[in-house]
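K.L.:
Dropping a prediction and its sequence here:
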Amino acid sequence: MYGLDILYKEHKNILNFTNILEERLVKILEGDEVDTEFLKRGIYFIRNYADTHHHQKEEDILFKKMIEELGPLAEKLIRSGMLVEHDLARFPTGELEKAVLAFEENPSTKNKLDILAHGMNYVYLLRRHATKEDEVLYPFADKNLSEEMKEIINKETKEYEERDKDFSQIEEFFI
Ligand SMILES: [Fe+2]
Ligand SMILES: [Fe+2]
């Protein structure tokens, strides 16, 4: 199903990014310089690709249609699970940004620790979230949505990808 294939592909890109971020954070712990420009590009990727292009699309298309057609179980899974987790991931992103800016002002060990802690918090949250969607939510949607609704989701996803070309064509996190 096209609409789900796009979301699965985006998870691969996002999870690939979490691996790269984790590698960089480990290197910092091992003594490498803190590359604040890399971290700022990472925050840009999180906000514009993971949170806007991907999460927004899930919310506007798939989640909406699942709630419409699949009733209370889908609604519970989405409202108290997925939407809460989309929001939860915004906290470490904002804190990571603050830590990067603080480190540029004052490259202290405490500011470095904040970068490592908030960066890894984001990595853990997103891995858990994307895995839950890959293994539970998307298969549930694929199994239970009607063929008509799947067609609507495919069509709306296609239109969304056309509108958001700058991000729909990203194949991996750009370094
Ligand atoms: Fe999500
Ligand atoms: Fe997702």
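P.N.:
Looks like it arrived, so ask away. Ligands and ions are numbered 1, 2, ... in the order given.

K.L.:
can you count the residues close to E151?
P.N.:
Residues lying near E151 (other C-beta atoms under 10 Å) number 14. In this view, the C-beta of every residue, glycine as well, is placed from N, C-alpha and C.

K.L.:
which helices and strands sit right next to the top helix by length along the chain?
P.N.:
Secondary structure of the chain read by DSSP state H shows that its longest helix is helix 2-29. On a contact count with 3 or more C-beta pairs under 8 Å, 6 or more residues apart in numbering; DSSP states H and E, helix 2-29 meets helix 36-45, helix 109-132, helix 138-144, helix 147-163.

K.L.:
Is it correct that E104 is in contact with D35?
P.N.:
No. Between E104 and D35 there is no contact under C-beta atoms under 8 Å: 11.3 Å.

K.L.:
Which residue, neighbours along the chain excluded, lies closest to G119?
P.N.:
Take G119 and drop its neighbours on the chain: the residue closest to it by C-beta to C-beta, 6 or more residues apart in numbering is L25, 5.0 Å away.

K.L.:
contacting residues for that neighbour?
P.N.:
115-116, 119-120, 123 (C-beta atoms under 8 Å, 6 or more residues apart in numbering).

K.L.:
nearest to ligand 1, of those residues?
P.N.:
Using C-beta to the ion, V123 is the member of the contacts of L25 that lies nearest ligand 1, at 15.4 Å.

K.L.:
Could you measure from the closest residue to the closest one other than its chain neighbours over to ligand 1?
P.N.:
Counting by C-beta to C-beta, 6+ apart, V123 lies nearest to T18, which is 4.5 Å off, once chain neighbours are set aside. Applying C-beta to the ion, to the nearest Å, the value for T18 to ligand 1 is 14 Å.

K.L.:
G3 touches I61, doesn't it?
P.N.:
Yes. Using C-beta under 8 Å, G3 is in contact with I61, at 6.8 Å.

K.L.:
more neighbours, these two?
P.N.:
Legend: neighbour count by other C-beta under 10 Å for G3 and I61, higher for G3 (27 against 21).

K.L.:
Please identify the helix or strand for the nearest residue to V136 once chain neighbours are set aside.
P.N.:
Leaving out its chain neighbours, the residue that sits closest to V136 by C-beta to C-beta, 6+ apart is L77, at 7.7 Å. If you go by DSSP states H and E, L77 is part of helix 64-77.
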